[in-house]
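1. Give me a model of this one.
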Amino acid sequence: SFVGEAVGAIVSFVLYRKGFHKLSETKWFSYPKVKRLLEAEGVEAFSLILSLRLLPFVPSGLVTFVAAIGRMSLLLFTVASSLGKLPALLLEAYSVYQVMNWTWQGKVISTVFAVFLFLFTWKKVVQNKT
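-> Numbering: from 1, shown residues only. Coordinates of the predicted model:
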């Protein structure tokens, strides 16, 4: 899983860099936080990518895209992205193991997921009726 995630991020980075580098000059990327990532280099770029990968609700593809059209080097991106993905992969592997073996932790994970799914569905149904 780790190798697949790392290779996928590298391939995406290279493809984005080749195909979309000119987009960095458009109005879409004038927001201060996006502009900071676009212009980041060296240690700042490394720490930004690492911290964004550690946040579970930041879309991975968006981080890769903005880093690719920015000034970040492929080597720095690879290291920061891979290190940032490691905790998420460990958490995913742990969760799947617990659910598959139906331990008490797996039951809690399944229950929380079921409650979330129920509330999400309920909210969608109620919104569609109004």
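2. Only C-alpha atoms from now on, for both contacts and neighbour counts.
-> OK.
3. Scan the helices and strands of this structure for the one with the lowest mean pLDDT.
-> helix 32-39 (a mean of 77; mean pLDDT, DSSP states H and E).
4. Convert the C-alpha atoms of the very next helix or strand once past that one to PDB, please.
-> Scanning the chain past helix 32-39 towards its C-terminal end, the next helix or strand to appear is helix 42-54 (assignment: DSSP states H and E). These are the backbone C-alpha positions of helix 42-54, laid out as PDB (Å, rounded to 0.1, in the frame of the first residue of the first chain):
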ATOM      1  CA  GLY A  42      12.900  24.000   0.200                       C
ATOM      2  CA  VAL A  43      12.100  23.400   3.800                       C
ATOM      3  CA  GLU A  44       8.900  25.500   3.700                       C
ATOM      4  CA  ALA A  45       7.600  23.400   0.800                       C
ATOM      5  CA  PHE A  46       8.600  20.200   2.500                       C
ATOM      6  CA  SER A  47       6.800  21.100   5.800                       C
ATOM      7  CA  LEU A  48       3.700  22.400   4.000                       C
ATOM      8  CA  ILE A  49       3.300  19.100   2.000                       C
ATOM      9  CA  LEU A  50       4.000  17.000   5.000                       C
ATOM     10  CA  SER A  51       1.500  18.800   7.200                       C
ATOM     11  CA  LEU A  52      -1.200  18.800   4.500                       C
ATOM     12  CA  ARG A  53      -0.700  15.000   4.000                       C
ATOM     13  CA  LEU A  54      -1.200  14.500   7.800                       C
END
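5. Distance from the chain centre to the helix or strand following helix 42-54, please.
-> Next along the chain after helix 42-54, taking DSSP H and E as the criterion, comes helix 60-69. Between the centre of helix 60-69 and the centre of its host chain there is 9 Å, according to Cα atoms, centre = their mean, to the nearest Å.
6. Buried residues in helix 60-69, which are they?
-> Buried residues in helix 60-69, defined by neighbour count with 16 or more other Cα atoms under 10 Å: Ser60, Val63, Thr64, Phe65, Val66, Ala67, Ala68, Ile69.
7. relative to helix 42-54, how tilted is the least confident helix or strand of the chain?
-> Orientation check (axes from the mean of the first three to the mean of the last three Cα atoms, to 10 degrees): helix 32-39 against helix 42-54 gives 130 degrees.
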